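Asker: Compute the structure for the input listed below.
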Amino acid sequence: MSRLGKGKGMSNKPRLFSAHPHNTPCTRIHQIGALILITATFFFTRLFDQSFPPSLCNLNHDRPSPNVNLHVAKSNGGGSLSWPERGYGSQLSLKIYVYDENEIDGLKQLLYGRDGTVSADACLKGQWGSQVKIHRLLLESRFRARNKEEADLFFVPAYVKCVRMLGGLNDKEINKTYVKVLSQMPYFRRSGGRDHIFVFPSGAGAHLFRSWAAYINRSIILTPEGDRTDKKNTSAFNTWKDIIIPGNVDDGMTRTEATIFQPLPLSKRKYLANYLGRAQKKVGRLKLIELAKQYRDKLECPELQFSGPNKLGRVEYFQHLGNAKFCLAPRGESSWTLRFYESFFVECVPVILSDKIELPFQNVIDYAQISIKWPSTLIGPELLEYLASIPDEVIEQMIARGREIRCLWVYAPDSEPCSAMQAVMWELQRKVRQFHQSAETFWLHNGSIVNRNLVEFTNWKPPMPLP
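Answerer: Numbering: from 1, shown residues only. Reported below is the predicted structural model:
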């Protein structure tokens, strides 16, 4: 658009326009009107230019123009991230009741195993530690309800993934114990489970509870896994009621003080890209391992050892991960991968090679600004060529934006201005219902809630048939 200005030869005398056969002098009012029209045209043109995003039909490495908002996540200007008011409300105001391990028979088994020998601290480590962290943080949360009557939502604590891995319960025992626990919860019966929250922190998702589809298919599930169709032929994740949560990154990398690994400058990184993980007979991972054999100077794919003298320690793992500009994250047993979240703390750009992955907090994060998603069907030399063509300054910009939002991957108290728990709270607030009903819940003219036998809710006694 050309700028308006005075030409060298322009006169200060009024100009005459001849749009009609007769000449009409240009008065001061005409000049003011013309100036307003020009200003309005310029304003609305700029407004429309900024309203439409640049074309995404090419692989242009240039970032959007400075006129486009480059914020990765919405900020309230005070150093914390803000959620859109529409659908969330202007502030957090929910109440969550946390079931005590002693009030429901069987809950302790879901937490510590049949013999009570599995410790919570043992379950705190590894990629499934979020189940323990969320439980502990809710117990200390300002949004915790002390009695059921005032609660908007109900949290059912369980460490079943860890308990199963440590031999505390087998699959059959987990299923039987869950059913036993749920049958003792009148509030679960009242809503059909719609206001109850469960955490399943592994790739198996809610399938750890084999009968999930019969009993908690209406409940709110917190999980990093949005797809498990590869083995179970059905996904336990429902995008309308469930919430994707971040994986549990090693505390040594997420703490505010000195971490166990300090990111290297791009110029000092040995590799263009890397993949750190086992093959597990997965096509995408096998392709990367073969690709690394052809391009040893560009792609690192070490064979990880989890035991023995060549076992890769936690510090060495992050040292390898941070020695490349791009960290490749192919799918494994399921679509999500912890490496995606870890990459933000070693400050490499994550490259998602998992087509069905679901990512957390999409209402506030623009993932195209902080990561790359590449078709898993195109894993080959063209991937490395594409990554090599991206200028370092663009990589630095993406890393800087990732640095802004990685606090959302950290399981810190919800009182923190930015944390995974605060984000989960905002997402849970969208799930709150004013009214509760199920196929086995009925109500009368005086507002009382009754069951099929017209027994009032306050008199429901466990065990109860589940909806």
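
Asker: Let me see the ranges of the strands in the stretch 151-300 of the chain.
Answerer: 153-155, 196-199, 220-223, 243-244, 271-274, 299-300 (DSSP state E, counting those that start in this stretch).

Asker: quick one: which of these is nearest Leu291?
Answerer: Closest approach to Leu291 among the strands of the stretch 151-300 of the chain is made by strand 299-300 (5.8 Å; Cβ to Cβ). Quick note: C-beta positions are derived from backbone N, CA and C, even for glycine.

Asker: Quick one: list the elements packing against that closest one.
Answerer: Helices and strands touching strand 299-300, by 3 or more Cβ pairs under 8 Å, 6 or more residues apart in numbering; DSSP states H and E, are strand 271-274, helix 283-294.

Asker: What's the local residue count around Asp152?
Answerer: 18 (other Cβ atoms under 10 Å).

Asker: One more: Leu139?
Answerer: 12.

Asker: can you pull the contacts of it?
Answerer: Val98 (Cβ atoms under 8 Å, 6 or more residues apart in numbering).

Asker: cool, the one 5 residues further on as well?
Answerer: For Arg144, the contacting residues are 95-98, 138, taking Cβ under 8 Å, 6+ apart as the criterion.

Asker: so the most centrally placed residue in the chain, which of the three states?
Answerer: Nearest to the geometric centre of the chain sits Pro360, at 1.3 Å (Cα atoms, centre = their mean). Applying DSSP: H, G, I helix; E, B strand; the rest coil to Pro360 yields a three-state assignment of coil.

Asker: With Tyr341 instead?
Answerer: helix.

Asker: go on, the one 10 residues further on?
Answerer: Applying three-state DSSP to Val351 yields a three-state assignment of strand.

Asker: That one against Leu272, yeah?
Answerer: No. With contact defined as Cβ atoms under 8 Å, Val351 does not count as touching Leu272 (10.7 Å).

Asker: Which one of the two is surrounded by more residues?
Answerer: Using other Cβ under 10 Å as the criterion, Val351 and Leu272 rank with Val351 on top: 23 against 17.

Asker: List the contacts of that one.
Answerer: Neighbouring residues of Val351 by Cβ under 8 Å, 6+ apart: 273, 326-329, 371-374, 383, 387.

Asker: If we use 7 Å, what do you get?
Answerer: Val351 makes contact with 273, 326-329, 372, 374, according to Cβ atoms under 7 Å, 6 or more residues apart in numbering.

Asker: and it, what are its bridge partners?
Answerer: Leu328, Ile372 (DSSP bridges).

Asker: got any ranges where the stretch 351-467 of the chain has weak pLDDT?
Answerer: Counting by pLDDT under 70, the stretch 351-467 of the chain contains low-confidence residues at 467.

Asker: for it, what spans make up the helices?
Answerer: 381-388, 392-405, 420-429 (DSSP state H, counting those that start in this stretch).

Asker: could I get these as TSV with distance to Gly167?
Answerer: Below are these laid out as TSV (distance: least, Cβ to Cβ, whole Å):
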stretch	distance to Gly167
helix 381-388	41
helix 392-405	38
helix 420-429	29
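
Asker: nearest to His445, of those helices?
Answerer: Of all the helices of the stretch 351-467 of the chain, helix 420-429 comes closest under Cβ to Cβ, at 31.5 Å.

Asker: The closest one to helix 392-405, inter-axis angle?
Answerer: Inter-element angle recorded for helix 420-429 and helix 392-405: 70 degrees (by axes from the mean of the first three to the mean of the last three Cα atoms, to 10 degrees).

Asker: contacting residues around helix 420-429?
Answerer: For helix 420-429, the surrounding residues in contact (Cβ under 7 Å, 6+ apart) are 83, 88-89, 92, 94, 137, 143, 153, 222, 243, 245-246, 361, 408-414, 416.

Asker: thinking again about what came up before, and the residue nearest to the centre of the chain, what does it touch?
Answerer: For Pro360, the contact set (Cβ under 7 Å, 6+ apart) comprises 244-246.

Asker: count of residues packed around the closest residue to it other than its chain neighbours?
Answerer: In this structure, Pro360 finds its nearest non-sequential neighbour in Ile244, 4.4 Å apart by Cβ to Cβ, 6 or more residues apart in numbering. Neighbour count of Ile244, defined by other Cβ under 10 Å: 21.

Asker: and if you look at the one 3 residues further on?
Answerer: Applying the criterion other Cβ under 10 Å, we find 24 residues in the vicinity of Gly247.

Asker: pretty sure it contacts Pro224?
Answerer: Yes. With contact defined as Cβ atoms under 7 Å, Gly247 reaches Pro224; the gap is 5.0 Å.

Asker: Can you report how many residues lie near Gly252?
Answerer: 14.
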